[in-house]
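Participant: Turn this into a structure:
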Amino acid sequence: MLDIVGDMALIGMPVKAHILAARPGHAANVEFARKIKQLIKSEKTKPVAPTFNLLAPPVFDINQISKYLPHRYPFLLIDKIIELTETKVIGLKNVTLNEWFFQGHFPENPVMPGVLMIEAMAQTGGILVLSTVPDPENYWTYFMRIDQARFKQKVIPGDTLIFDLSLASPIRRGICHMVGKAYVGDKVVMEAEMMAQIVKKS
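Facilitator: Below you'll find the model as predicted:
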């Protein structure tokens with residue numbers, strides 16, 4: 001019994017468990033501990049979808065977003081901002097069948113285009129970078145680069161897209177480098193790195 005306790009200590013963290021062992025040995029115990037450690041590590045690195053209170057008022061509603069972003073219908077693609085700090089922003093888009101792009105993409109199998117998911121994520125990031133200037137209405141935001149974009153699951157009418165972006169490095173000279181994930185429920189549907197620049201209107 002003490003051998004099992006000692007070998008389980010190799011996991012490196014407390015484990016609350018009920019372990020049954022028949023003819024245990026150090027080799028089997030160590031291999032078992034290694035598998036538990038790998039499982040814990042994989043769970044820790046698994047992306048966790050942001051949680052939020054539906055009853056809480058948003059940080060920015062659609063009217064406040066419109067004061068920051070120059071986009072208008074049909075290209076304003078986020079509905080509200082639910083979290084905003086100096087290094088992180090979380091935005092939300094409700095996807096409905098009434099979206100203009102579903103008329104042609106595709107009428108019998110409506111799927112949100114990946115490029116518009118990227119654009120919606122970029123608009124969410126634009127709120128973060130524009131929040132760093134005192135007069136955001138006097139700046140344009142330009143997309144500069146996108147890397148490591150991956151689409152993992154289709155987005156369809158009825159889904160609520162949550163965009164979770166964080167700064168990959170501090171904002172310098174108006175250039176912002178962000179990493180982001182898009183969630184529907186607890187599943188990652190898209191992820192990307194992107195870079196944008198804000199330029200004062202002439």
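
Participant: what pLDDT does Asn94 get?
Facilitator: For Asn94, the model assigns a pLDDT of 97.

Participant: That one touches Ile78, doesn't it?
Facilitator: No. If you go by CB atoms under 8 Å, Asn94 and Ile78 don't touch, sitting 9.8 Å apart. All C-beta atoms are positioned from the backbone trio N, CA, C, and that covers glycine.

Participant: Which one of the two is surrounded by more residues?
Facilitator: Shown here are Asn94 and Ile78; by other CB atoms under 10 Å, Ile78 has more neighbours (24 against 13).

Participant: How about the more buried one: what's its closest non-neighbour residue?
Facilitator: Among residues not flanking Ile78 along the chain, Gly91 sits closest, at 4.6 Å (CB to CB, 6 or more residues apart in numbering).

Participant: what about the one you found, neighbour count?
Facilitator: Neighbour count for Gly91, taken as other CB under 10 Å: 31.

Participant: Check Leu39 too.
Facilitator: Leu39 has 11 nearby residues by other CB under 10 Å.

Participant: And the pLDDT for Ile19?
Facilitator: In this model, Ile19 is scored at 84, pLDDT.

Participant: Equivalent analysis for Asn109, please.
Facilitator: 96.

Participant: ok, now Pro50?
Facilitator: 87.

Participant: my read: it touches Tyr183, true?
Facilitator: Yes. Counting by CB under 8 Å, Pro50 touches Tyr183, with 7.0 Å between them.

Participant: quick one, which of those two is more surrounded?
Facilitator: With neighbours defined as other CB under 10 Å, Pro50 and Tyr183 compare such that Tyr183 has more, 22 against 16.

Participant: which residues does the more buried one bridge with?
Facilitator: Following DSSP bridges, Tyr183 is listed with bridge partners Ile162, Val188.

Participant: list residues touching both of Pro50 and Tyr183?
Facilitator: Here Pro50 and Tyr183 have 162, 164 as joint contacts, going by CB atoms under 8 Å, 6 or more residues apart in numbering.

Participant: got the end-to-end distance for stretch 57-76?
Facilitator: Distance across stretch 57-76, first residue to last, is 20 Å (CA to CA, to the nearest Å).

Participant: which of the residues in that stretch are buried?
Facilitator: Under the neighbour-count criterion of 16 or more other CB atoms under 10 Å, stretch 57-76 has 58-60, 65, 68-69, 71, 76 buried.

Participant: Of those residues, which belong to helices?
Facilitator: Among these, the members falling in helices are 65, 68 (criterion: DSSP state H).

Participant: right, and out of the buried residues of stretch 57-76, which lies closest to His26?
Facilitator: Comparing these against His26 with CB to CB places Val59 closest, at 54.6 Å.

Participant: Quick check: the closest one touching Leu84?
Facilitator: Yes. Using CB under 8 Å, Val59 is in contact with Leu84, at 4.9 Å.

Participant: which SS class is the residue of the chain most remote from its centre?
Facilitator: Outermost residue of the chain with respect to the C-alpha centroid, by CA atoms, centre = their mean, is Arg23; its distance is 46.6 Å. Look at Arg23: counting by DSSP: H, G, I helix; E, B strand; the rest coil, its state is coil.

Participant: That concludes my questions; thank you for your assistance.
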